[in-house]
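K.L.:
Let me see the structure of the following:
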Amino acid sequence: MIIRKIFITVIAISSMLVSKEIDTEKDIFKVGIGLEFDLFATTNLISSNRASLYIPVHIKKVFVETEFTFFSESNEGINSTNSNYSSSLDRKTEETGIGLAIGFYNVIEFDSMNMYSGLKLGYSSYEMSSNYSYYDNRLEENIATVAFSPVLGSEYFISDNFTIGGEVSLKYSHSKTNAILAYYDEGSSIVVSGKKTETFFIPKFMIRYYF
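P.N.:
Numbering: from 1, shown residues only. Presented below is the predicted three-dimensional model:
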């Protein structure tokens, strides 16, 4: 959150310093960076706690935007129901994930606003590792997800460099899960795999800064 606040402050000041009347005929090519703010606790690729960076590129009336996503979290907790272990931390979980998505959009230009629509394609990989000291076992899980989303959005030019806007998308995702539960004391393991298809409606608020 601190990084986002610093980013917003910097681009707001910069946009005021360089603000001028927008001429869409001259702005044939634009490239910038952007951030998103999920309006609900939902997910685009991995998790609502993720960090995402956008690279928007405008070439005439074509809009291409790349999204890079990273997620990392670790925590410890009590998982044992045995009263002798009630005060001990017997579970440690580590989660990591990365994602990449690219959106291809057609743009309709107005005086100080662009409306765009198109399709976003994405791939993400998520890994979770849990150690249970009381049960002396380990759970490893890997989830690979392919997704595509019809997208409709708009951005309003506060200045020639800074925009605010929003978009809605309907994400269709197909995930494949592989999980391994290893029992150290027995020297054995169980392998489980599965597939899942989901659909999400995702509204979001976005800010972009163009160089």
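K.L.:
which residue sits closest to residue 191, ignoring its sequence neighbours?
P.N.:
Among residues not flanking residue 191 along the chain, residue 180 sits closest, at 5.5 Å (C-beta to C-beta, 6 or more residues apart in numbering). (Each C-beta comes from the backbone N, C-alpha and C, glycine too.)
K.L.:
Could you pull up phi and psi at that neighbour?
P.N.:
Dihedral angles of residue 180 (phi, psi; degrees, to the nearest 10) stand at phi -130, psi 120.
K.L.:
That one touches residue 190, doesn't it?
P.N.:
Yes. When contacts are counted by C-beta atoms under 8 Å, residue 180 is listed as touching residue 190 (7.3 Å).
K.L.:
just to revisit the earlier point, so who does the residue nearest to residue 191 touch?
P.N.:
Neighbouring residues of residue 180 by C-beta atoms under 8 Å, 6 or more residues apart in numbering: 139, 140, 141, 189, 190, 191, 192.
K.L.:
bridging residues for it?
P.N.:
For residue 180, the residues forming beta bridges with it (DSSP bridges) are residue 140, residue 191.
K.L.:
and if you look at residue 129?
P.N.:
For residue 129, the beta-bridge partners under DSSP bridges are residue 94, residue 140.
K.L.:
List the residues that contact it.
P.N.:
Taking C-beta under 8 Å, 6+ apart as the test, what residue 129 contacts is 93, 94, 95, 138, 139, 140, 141.
K.L.:
Likewise for residue 98?
P.N.:
Neighbouring residues of residue 98 by C-beta under 8 Å, 6+ apart: 46, 69, 70, 71, 124, 125.
K.L.:
picking that back up, filter the contacts of residue 129 to the buried ones?
P.N.:
93, 95, 138, 139, 141 (16 or more other C-beta atoms under 10 Å).
K.L.:
Could you tell me how many residues sit around the closest residue to the first one other than its chain neighbours?
P.N.:
For residue 93, ignoring the flanking residues on the chain, the nearest one in space by C-beta to C-beta, 6+ apart is residue 130 at 4.5 Å. Applying other C-beta atoms under 10 Å, we find 18 residues neighbouring residue 130.
K.L.:
so residue 130 makes contact with residue 91?
P.N.:
Yes. Between residue 130 and residue 91 a contact is recorded at 6.4 Å, counting by C-beta under 8 Å.
K.L.:
those helices in this protein, which residues are they?
P.N.:
Along the chain, the segments classed as helices by DSSP state H run 2-18.
K.L.:
quick revisit: can you tell me which of the buried ones among the contacts of residue 129 lies nearest to residue 116?
P.N.:
residue 95 (33.0 Å; C-beta to C-beta).
K.L.:
Contacts only, for that closest one.
P.N.:
Listed by C-beta under 8 Å, 6+ apart, the contact partners of residue 95 are 71, 72, 73, 74, 126, 127, 128, 129.
K.L.:
Go ahead and confirm the first one touches residue 125.
P.N.:
Translated: residue 71. No. Contact between residue 71 and residue 125 fails when scored by C-beta under 8 Å: they sit 10.3 Å apart.
K.L.:
what sits in contact with each of the two?
P.N.:
Common contacts of residue 71 and residue 125 (C-beta under 8 Å, 6+ apart): 97, 98, 99.
K.L.:
Tell me the bridge partners for the last one.
P.N.:
Meaning residue 99. Bridge pairing for residue 99 (DSSP bridges) gives the partners residue 69, residue 124.
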